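A.B. asks: With the input below, show me the fold.
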Amino acid sequence: MVPKKIPLRRCNGCGEMKPKKELIRVILTPQGEIELDVTGKKNGRGAYVCPSSECFAKARKTKAIERSLGVSVPEEIYERIGKELSDE
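C.D. replies: Below you'll find the model as predicted:
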């Protein structure tokens, strides 16, 4: 029997390839809103970040999430995502 393939995604902060289930997805919805997708199944363009504050801070500083989503992310969105990450 062939083992099941585990999907890997690259963290926008540290750049490491990790299993998709270990990362948190930030999505750009079809309506143009940016939100956190903990389930990983919401519809929209996604950018992945490790659930650590260091990776999120690095992705924010280098604007890696903005490049992945293709839009500029306002500071209020970064602050809201940072609060949600710190709660988990």
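A.B. asks: In the helix or strand that contains F56, which of the residues would be classed as buried?
C.D. replies: Using DSSP states H and E, F56 sits within helix 53-62. Across helix 53-62, burial judged by 16 or more other CB atoms under 10 Å covers 55-56, 58-60. For the C-beta atoms, the positions are set from N, CA and C on the backbone; glycine is no exception.
A.B. asks: of these, closest to A47?
C.D. replies: The closest of the buried residues of helix 53-62 to A47 turns out to be A59 (CB to CB; 7.9 Å).
A.B. asks: Enumerate every residue touching that closest one.
C.D. replies: Contacts for A59 were tallied using CB atoms under 8 Å, 6 or more residues apart in numbering; they are 11-13, 47, 49, 65.
A.B. asks: looking at the chain, which helix or strand does the model trust least?
C.D. replies: In the chain, no helix or strand scores lower on mean pLDDT, DSSP states H and E than helix 75-87, which sits at a mean of 81.
A.B. asks: What separation do you get for G32 and S68?
C.D. replies: 16 Å (CB to CB, to the nearest Å).
A.B. asks: And for the residue nearest to E84 when sequence neighbours are not counted, the neighbour number?
C.D. replies: Excluding its sequence neighbours, the residue lying closest to E84 (CB to CB, 6 or more residues apart in numbering) is L36, at 5.2 Å. Look at L36: counted by other CB atoms under 10 Å, it has 16 neighbours.
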